[in-house]
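> no FASTA, just this:
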Ligand code: AMP
């Protein structure tokens, strides 16, 4: 074995799995385009400050998990741990808001967090997500939630749960935070060290705790819905009724609160029962204050991010990937026929057929074995006799039927099968 292996928490995607990845990517690209979203691609490295301001210094992602370094010119750089901050940076840098008052954007690509690896948690993982920048209306929230739901449905996922909440406006959050602090202070001695810290730095993050005793304390405490203004309540009710009218099932979870000041109104998460402890597939929310805080104009926005590895873990094995085109192996056992085999391959590929041509000059038996292994639909066999007679044997592998066809008729033969 080579002394070089993948770095801890990172994985190769091997050919045996790349079909699944490509299939999921196709579903994503197709589905977002049905909703009118356009792809945006940003660099994997950005200035560290962008993430500390865009995600928040007190989050685990920033304080513990970022891959950061000081570059030779003294600039502090990081590998992106998520993509929203980069998209907002790009939106501001290229004045995308001036080009169109509503930008519907989506992205797909790798992210990096130095977390403890486990099933469904890597150090390099892949996210896709959308950001709708420009509208503050509840129908935009409903669109983004329904798009996330639709992609997971199209990927064939079962046993999903959509949790929905609202953190209301800034006014409502502040009142809730005060109430939460007053409620938790008398319980302080029962809190973990990390929650004690959060009580000072970022009390809303305590709601993310996985410790049973803390969950019980929180469950008896104040909930954010008690602090909604009339506008907050109306926005949230409208989002819910739009989702109901689209038959998208959800449950309300008032503890689903994002711990940063930028988040306002709707937050949501989709989890799966099928993948173990790391069960969050997709999470998102409205972040009306982020663009301004990163130096742009005050612009409302909402988005979500989803983890592709976790989605692939949750896709049932039984969901077979549809083969789009027939696969044909050209089994050429006559060296003088290799030139005609090349020409034939080139012609057949114009019919969008997947043509695999032998380049190892192996025996007939070995080439047939290879064709079977690759799940080929047809083989086209050219041996010495066929070469001399300018013919080929065309064999359909699923039932073994075989016929001799003149080489100059093969293109039309497959054309008539294709259309
Ligand atoms: P977040 O940006 O933390 O809200 O994460 C959005 C989604 O990305 C999650 O719901 C997960 O599906 C996925 N995700 C986040 N961190 C990881 C990780 N370390 N490994 C794999 N997937 C992740």
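The structure has been received and is ready for your questions. Predicted, not measured: the structure shown is a model, and the values here were computed from it. Residues are numbered from 1 along each chain as shown.
> buried sites along stretch 41-48?
When burial is assessed from 16 or more other CB atoms under 10 Å, stretch 41-48 yields the following buried residues: 42, 45-46, 48. In this view, the C-beta of every residue, glycine as well, is placed from N, C-alpha and C.
> for stretch 152-166, same thing?
152, 155-157, 160, 162-166.
> Out of those, name the ones that lie in helices.
Counted as lying in helices by DSSP state H, out of the buried residues of stretch 152-166, are residue 152.
> Residue in this structure with the shortest distance to the ligand?
The ligand sits closest to residue 307 of the chain, with a gap of 2.3 Å, by CB to the nearest ligand atom.
> which ones are touching that residue?
Each residue near residue 307 by CB atoms under 8 Å, 6 or more residues apart in numbering is listed here: 120, 125-127, 280-282.
> Among these, which pair sits farthest apart?
126 and 280 (14.8 Å; CB to CB).
> okay, the two: which has more neighbours?
Per other CB atoms under 10 Å, whichever of residue 126 and residue 280 has more neighbours is residue 126, with 20 against 15.
> Quick check: the more buried one is in a helix.
No - read with DSSP: H, G, I helix; E, B strand; the rest coil, residue 126 is strand and lies in no helix.
> State the distance from the residue of the chain closest to the ligand to residue 372.
36 Å (CB to CB, to the nearest Å).
> Kindly report the same for residue 125.
For residue 125, the distance to residue 372 equals 35 Å [CB to CB].
> With residue 303 instead?
46 Å.
> try residue 130
From residue 130 over to residue 372 (counting by CB to CB), the distance is 42 Å.
> now residue 330
15 Å.
> neighbour count winner among the two?
Between residue 330 and residue 372, residue 330 has the larger neighbour count (other CB under 10 Å), namely 26 against 12.
> Name all residues that make contact with the more buried one.
341, 344-345, 355-358, 379-380, 382.
> and the residues you listed as JSON lines, adding pLDDT?
Formatted as JSON lines, the contacts of residue 330 follow (pLDDT from 0 to 100):
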{"residue": "341", "pLDDT": "95"}
{"residue": "344", "pLDDT": "95"}
{"residue": "345", "pLDDT": "96"}
{"residue": "355", "pLDDT": "95"}
{"residue": "356", "pLDDT": "95"}
{"residue": "357", "pLDDT": "94"}
{"residue": "358", "pLDDT": "91"}
{"residue": "379", "pLDDT": "97"}
{"residue": "380", "pLDDT": "97"}
{"residue": "382", "pLDDT": "97"}
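> Quick check: the farthest pair among those residues?
Checking those with CB to CB, the most distant pair is 356 and 382, at 14.0 Å.
> Looking at those two now, which is surrounded by more residues?
Each of residue 356 and residue 382 has its neighbours counted (other CB under 10 Å); residue 382 has more, 24 against 17.
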